[in-house]
Each structure stands twice: as C-alpha cells, then as structure tokens.
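Asks: Please work out how this folds:
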Amino acid sequence: MICWKESEKAVGEIDLGPTVSVAAVREIFKQNVQTVITLFTTAVPKLVLKDWTPILLENKVGIIGGSGLDDPNILEKRKEIVVTTPFGDPSDALIEGTIKGVTCVLLARHGRGHTIMPSNVNYRANIWALKDRGCTHLIVSTACGSLDENIHPGDIVFLDQFIDRTTKRPNTFYDGAPNSPNGVCHVPMHTPFCPSTTKILIDSAVELGVKHHVSGTVITIEGPRFSTRGESKLFRTWGAHVINMTTVPEAILAKEAGLCYAAVALATDYDCWKESEKAVSAAAVLETFQRNVQTVITLFTTAVPKLVSKDWTPILLENKEISQSSIMPTN
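Replies: As a prediction, the model looks like this:
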C-alpha cells in the first residue's frame, strides 16, 4: 500500500505494526507469482494463433524520378530533407510531401539538373536513405530504348525482369566495408520487381487509357555511351525488350532492403538496331521523355492512393524474411 493509506505506516517510517515492508512485498509476490505465470502461459498460445495480418503496417511511397520526372511540384506540402548514409550522400535532398493526401518521398536519381551520370549514381545511398525515411514501396521511372518491334517511342513498359550488363557499380550493401552491415547477402532475384505493386500501376494505366505493355525484360548497360549496332542486335537475340542504364543495381538494392519495387520504363527510341530509324541520341531521348513525362506523372499520382489502401502486411513481412534469410553472418 506504500503510503496512501493513512491507517498504515508510510514507507520510511518506523514500523511499529503491520504495514508495508520489503519482506512483506516479497512474500505477497511469492504467494501470487504463480497466478501471473499461469496468465502468461495461457495467453502466449492465443497470441501466436491469432491472425495479426489485418493490423496494417504503415506504408510510405518513395518515388525515384529519372530524366524529367524529378520535379518536386508533383508533391503538395513539400519540404526538403538533407540526409547522409553509411554509404555517403544520396543523389540529392529528399523531397517529402503528399500526393492526394498520401505521404511520399521524391528523389532525383541523377540529381536536380541531371548532373550525375548513371555509373556515378550512389544507388546504395539512395535506397538506404529512402528506406531509412520509412518508405515501404518504391515506384521509379526510367527512360529506355526499345529493342522490340512492338514497343514504340512513347509506350510505357512495366518491367518484370532484367539482364545485368553493368561493370563498375557496387551492387550490395553487404560488401565487408567497415560501415556496411555485417554478413554476406545472397538475395534471390528470380522476381526482381514486386508483382503486386506493378499490378496496381498496370491497373492505373488501364484506367487512364495509357498505351502500355504489361511486362518486359530490360537490359541495363554501364553507359554513359549508347550501344553499338552490333550490341543492340545481340541484346535482341537475348530476349531483352528494352535497354537502359539505371535499373541495375537499383532493383537489387531495393530487394536487399525488403522494399516493394516497381519500375515504369518509357520508351524514347529504338536504340540503334532498327536501321530504318534514326539511331538513339541524348537529344532525342530527352525530347521524347519530356513530351510524355506528364503521362508518367499522372500514372504515379493515380496509383499512389491505391497503393496505400491495400493491406501490404503479408507481403512486407515476406520481403523482410527474404531479406534477412539471405544474409550469411560472418564471424
């Protein structure tokens, strides 16, 4: 009773009668501890048997904008957040704001003003920063060249596979460096893009009447140069549908981080395999992308509310399990 009951002695007073004491507390607890133990042992099985998935994890959408889709004006109530990571600084400040009331974080992949070439993008810092800011989903845009007769400039392709032809980029957080997480990560990449996130983007494209392709394999080259005609023709024989310079290692790192990652590729040209068309050039890429960028922006702003209305708990928990179980600890 400590000291509230005036008919009993307060703590610290000389105990001339039956009042609280360490010995009394210990004795009473000893007499009743079995009740608490029984309560816990009865409750534990009920806790683990309950389906907790309806309890939603908070979702936050990260947007990585490529050429032309790094405009912070797509966000309302926006603010800049300058961050750093164990892997250095991301490409630019994070811009946090809302799209139709949904909190989103925008990052310009190449920096505002497109000052960072694909090989020099700090992909690890970008993904780490967005994850650290609480993002559970990443929807990203990328310009690409078409390697498929049926994919025309201006078409949107929802990527579902990639072929890696990069050569100079760190592609894991677990590289053994002093500031890196401990262990070696062998993350499975048979499904490099999140099917559920991609489906919501596809459904939004259907709703908007946007010409699109529901799947496509992208081959990511190192750049910054474009392909030779021989390379372009070779990549077609490999089954690649489009070509770009940024999906790898971005998709790999998102997988290691346990994020739901989906990519929207906007075809800007036919690379250089199609001899009846002009070969790709930087000016042509930028002109076509800027002409069609509003389509991608509208697609994203339509999809974002649909993304957060879904219960992602089972998928996010599965992503976390894949990420954690892929790590082999080192001594």
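
Asks: which residues in the stretch 51-200 of the chain form strands?
Replies: With strands called from DSSP state E, counting those that start in this stretch, the stretch 51-200 of the chain shows them at 61-65, 76-81, 94-99, 102-108, 137-146, 156-158, 161-165, 184-185.

Asks: Grab the CA positions of the longest one and hand them over as CSV.
Replies: Translated: strand 137-146. Taking Å, rounded to 0.1, in the frame of the first residue of the first chain, the C-alpha atoms of strand 137-146 are listed here in CSV:
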residue,chain,number,x,y,z
HIS,A,137,7.4,1.0,-51.6
LEU,A,138,9.5,2.4,-54.4
ILE,A,139,7.9,3.3,-57.8
VAL,A,140,10.5,4.5,-60.2
SER,A,141,10.6,5.9,-63.7
THR,A,142,13.3,5.3,-66.3
ALA,A,143,13.9,6.3,-69.9
CYS,A,144,14.6,3.3,-72.2
GLY,A,145,15.3,2.4,-75.8
SER,A,146,13.1,-0.2,-77.4
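
Asks: so what secondary structure elements neighbour it?
Replies: Counting contacts by 3 or more Cβ pairs under 8 Å, 6 or more residues apart in numbering; DSSP states H and E, strand 137-146 is packed against strand 61-65, helix 195-208, strand 242-244, helix 247-256, strand 260-269, helix 282-309. No exception for glycine: its C-beta is placed from N, CA and C like everyone else's.

Asks: Looking at the ones you listed, spot the one closest to T103.
Replies: strand 61-65 (7.6 Å; Cβ to Cβ).

Asks: in its sheet, what does the closest one sit against?
Replies: strand 102-108 (parallel), strand 137-146 (parallel) (DSSP bridges).

Asks: How far off centre is the helix or strand of the chain with the lowest mean pLDDT?
Replies: In the chain, the helix or strand scored least confidently by mean pLDDT, DSSP states H and E is helix 22-49, which has a mean of 77. Centroid separation for helix 22-49 versus its chain: 43 Å, with Cα atoms, centre = their mean, to the nearest Å.

Asks: Please point out which parts of it sit buried.
Replies: Within helix 22-49, no residue qualifies as buried by neighbour count (16 or more other Cβ atoms under 10 Å).

Asks: What of stretch 150-164?
Replies: Going by neighbour count (16+ other Cβ under 10 Å), the buried part of stretch 150-164 is 151, 153-164.

Asks: got the contact list for the residue nearest to A279 when sequence neighbours are not counted?
Replies: In this structure, A279 finds its nearest non-sequential neighbour in C272, 4.0 Å apart by Cβ to Cβ, 6 or more residues apart in numbering. The contact partners of C272, by Cβ atoms under 8 Å, 6 or more residues apart in numbering, come to 226-229, 232, 279-280.

Asks: Put together TSV for the buried residues of stretch 150-164, with distance to N292 and pLDDT on each row.
Replies: As requested, those are exported to TSV (distance: Cβ to Cβ, whole Å; pLDDT from 0 to 100):
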residue	distance to N292	pLDDT
I151	13	98
P153	8	95
G154	5	95
D155	9	97
I156	8	98
V157	12	99
F158	15	99
L159	17	99
D160	21	99
Q161	23	99
F162	22	99
I163	25	99
D164	26	99
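
Asks: can you name the two of those residues that are farthest apart?
Replies: G154 and D164 (26.6 Å).

Asks: so where is the stretch 1-150 of the chain shaky, pLDDT-wise?
Replies: 1-20, 46-57, 67-70 (pLDDT under 70).

Asks: Alright, I will stop here.
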